[in-house]
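**Student:** only geometry, no sequence info:
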């Protein structure tokens with residue numbers, strides 16, 4: 001004679017089968033690429049310029065996500081928004097003030113990362 005088992009244990013037959021989720025239609029998928037970060041190139045930096053010098057000078061135009069200085073005294077400042085980068089470039093083109101780092105006039109222009 002056979003007895004049914006009374007102990008409760010996990011069985012693969014204990015749960016209900018779920019239907020798979022429907023896949024999104026083609027028009028719902030994003031087709032546009034995200035905008036590339038806005039980078040400003042600063043040329044003519046003094047040789048003793050540090051990242052903190054650049055940050056203190058350029059953070060007044062907007063929030064900065066990354067700063068890098070190459071060995072040949074070229075600085076790369078990546079802003080979080082394009083408006084901030086445009087403001088820094090506009091300040092560099094101002095004939096009355098311009099941009100200075102450690103009392104040395106520098107050139108700043110927009111750098112496209114994906115061109």
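**Tutor:** Perfect, I can see it now. Since this is a predicted model, take the numbers as computed values, not measurements.

**Student:** distance between the helix or strand hosting residue 57 and the chain's centre?
**Tutor:** For residue 57, the host element (DSSP states H and E) is helix 51-58. Mean-position distance between helix 51-58 and its chain equals 18 Å (Cα atoms, centre = their mean, to the nearest Å).

**Student:** contacting residues around it?
**Tutor:** Residues outside helix 51-58 that contact it (Cβ atoms under 8 Å, 6 or more residues apart in numbering) are 40, 42, 45, 64, 67-69, 75, 77, 88, 99-102. Quick note: C-beta positions are derived from backbone N, CA and C, even for glycine.

**Student:** Return a selection command, for use in ChimeraX, containing the buried ones of the residues you listed.
**Tutor:** Selection of the buried residues among those in ChimeraX, burial being defined by 16 or more other Cβ atoms under 10 Å:
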select :40,42,45,64,67,69,75,77,88,99,101
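
**Student:** between the longest helix seen in the chain and helix 51-58, how big is the angle?
**Tutor:** Longest helix of the chain, by residue count under DSSP state H: helix 82-92. For helix 82-92 against helix 51-58, the angle by axes from the mean of the first three to the mean of the last three Cα atoms, to 10 degrees is 90 degrees.
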